[in-house]
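Q: Got a predicted structure here, sequence first:
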Amino acid sequence: MGLLDLTGAQTVFWAATKAMEARGLPGYERITASLEGGLMRSAEGLELMTAPLRDFRPSSVDTLIVPGSPQMDAVLDRSASLVAWLRRASGRTRRTASVCSGAFLLAAAGLLDHKRATTHWLMFDMMGQRFPAVQIDRDAIFVQQGAVWTSAGVTAGIDLALALVEADCGHDIAMEVARELVVFLKRPGGQSQFSELLQAQADDADTFDELNLWIAGNLERPNLTVEFLAEKARMSPRNFARVYKEKTGRTPAKAVEVFRLEAARRLLEDSARNVDQIAGLCGFGDEERMRVTFQRHLGVAPRDYRKRFSTAARGQPKVKA
């Protein structure tokens with residue numbers, strides 16, 4: 001297993017328990033279990049003591065959370081007994097969840113068939129190949145489908161656990177936990193689990209990193225044309241357009257558009273600026289042009305996006321991480 005897949009969510013429930021007990025209320029009983037029990041070594045090399053699953057009646061378990069593994073392909077090939085236990089247990093617990101690639105174990109148990117689910121973005125293709133009945137949500141931090149929850153990669157398990165705590169204990173407790181752990185409570189399912197800038201960097205680690213960072217810092221400029229960017233990259237416009245698309249998977253114009261879109265999303269979420277000001281700062285020129293871009297990429301207008309995702313709209317104070 002990946003250590004943070006387990007400990008991120010576990011820490012959220014530990015902090016929530018402290019907050020609940022301080023109010024004279026019961027918290028969460030947290031148990032780490034494995035098929036046979038005993039010491040289990042994480043992918044990072046840390047050993048954790050676990051209880052055997054046979055010691056627990058599934059009906060006594062409220063929330064079952066399955067962490068992932070960076071070697072999930074190999075894990076699946078030797079997890080028939082665990083998958084069988086998950087298949088039996090999930091219908092008797094109140095809810096079942098996975099963190100990161102733990103979704104593969106839920107999928108192997110048939111728990112995600114014809115359901116929307118997410119996992120680590122690097123494993124989308126593998127999920128689609130091995131479990132075609134799963135409806136992969138490529139743009140979610142976490143997904144709830146009835147009593148089954150799945151989260152994106154690694155730290156998204158913290159977001160998922162905070163959502164579970166908020167559902168159980170209310171907004172105030174969840175916000176207190178977020179403050180203690182110095183994380184955002186507001187990042188809800190349905191938003192991108194990695195930024196366009198990070199994706200551009202991941203697509204090609206060095207060729208256009210410097211240029212992409214410059215673009216992200218100069219979005220208000222109206223002249224981010226192929227010719228101008230080619231000059232910044234010290235390439236001819238024709239060669240620049242060809243190589244940029246080859247390396248990043250999108251044209252320079254499309255890259256500028258998605259960088260502007262992401263910057264606008266952040267400002268709509270976290271700033272008090274009005275929509276027209278944000279359109280100007282991000283290089284759209286006016287609200288209408290920004291609205292067209294939002295509709296094309298996200299299927300929602302900027303004002304509606306702000307109503308759903310802004311810190312102020314959700315009544316949540318900012319927590320800086």
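A: Received it, and whenever you're ready, just let me know what you need. Keep in mind that what you see is a predicted model, and the values were worked out from it rather than measured. Numbering: from 1, shown residues only.

Q: sec struct for the closest residue to Ala108 other than its chain neighbours, please.
A: For Ala108, ignoring the flanking residues on the chain, the nearest one in space by Cβ to Cβ, 6 or more residues apart in numbering is Val83 at 4.6 Å. Where you see a C-beta, it was placed from the backbone N, CA and C, and this is true even at glycine. Each residue gets one of three states, and Val83 gets helix by DSSP: H, G, I helix; E, B strand; the rest coil.

Q: Got the phi and psi for the residue lying closest to Gln295 once chain neighbours are set aside?
A: Once flanking residues are discounted, Gln295 sits nearest to Ala301: 6.5 Å by Cβ to Cβ, 6+ apart. Note on Ala301: its backbone torsions stand at phi -80, psi 150 [degrees, to the nearest 10].

Q: Okay, buried residues for the helix or strand harbouring Ala241 please.
A: Here Ala241, judged by DSSP states H and E, is contained in helix 237-248. With burial defined by 16 or more other Cβ atoms under 10 Å, the residues of helix 237-248 counted as buried are 237, 240-241, 243-244, 248.

Q: and that helix, what does it pack onto?
A: Contact partners of helix 237-248 among helices and strands, from 3 or more Cβ pairs under 8 Å, 6 or more residues apart in numbering; DSSP states H and E: helix 196-203, helix 226-232, helix 252-270.

Q: farthest residue from the center of this protein?
A: Ser236 (38.0 Å; Cα atoms, centre = their mean).

Q: Partner strands of the helix or strand harbouring Leu64 and their direction?
A: Assigned by DSSP H and E, Leu64 belongs to strand 63-66. If you go by DSSP bridges, strand 63-66 pairs up with strand 95-98 (parallel).

Q: what about Ala133, how many neighbours?
A: 10 (other Cβ atoms under 10 Å).

Q: ok now do the closest residue to it other than its chain neighbours, which residues does it touch?
A: Spatial nearest neighbour of Ala133, chain neighbours left out: Asp113 (4.4 Å); criterion: Cβ to Cβ, 6+ apart. Contacts here follow Cβ atoms under 8 Å, 6 or more residues apart in numbering; on that basis Asp113 touches 107, 133-134.

Q: can you check Met123 too?
A: Met123 neighbours (Cβ under 8 Å, 6+ apart): 72, 101, 104.

Q: repeat that with 7 Å
A: Contacts here follow Cβ atoms under 7 Å, 6 or more residues apart in numbering; on that basis Met123 touches 72, 101.

Q: Correct me if wrong, but it is in a helix.
A: Yes: per three-state DSSP, Met123 lies within a helix segment.

Q: how near is it to Val66?
A: Separation of Met123 from Val66 (Cβ to Cβ, to the nearest Å): 14 Å.

Q: relative to helix 252-270, how tilted is the helix holding Ala241?
A: Going by axes from the mean of the first three to the mean of the last three Cα atoms, to 10 degrees, helix 237-248 is angled at 60 degrees with respect to helix 252-270.
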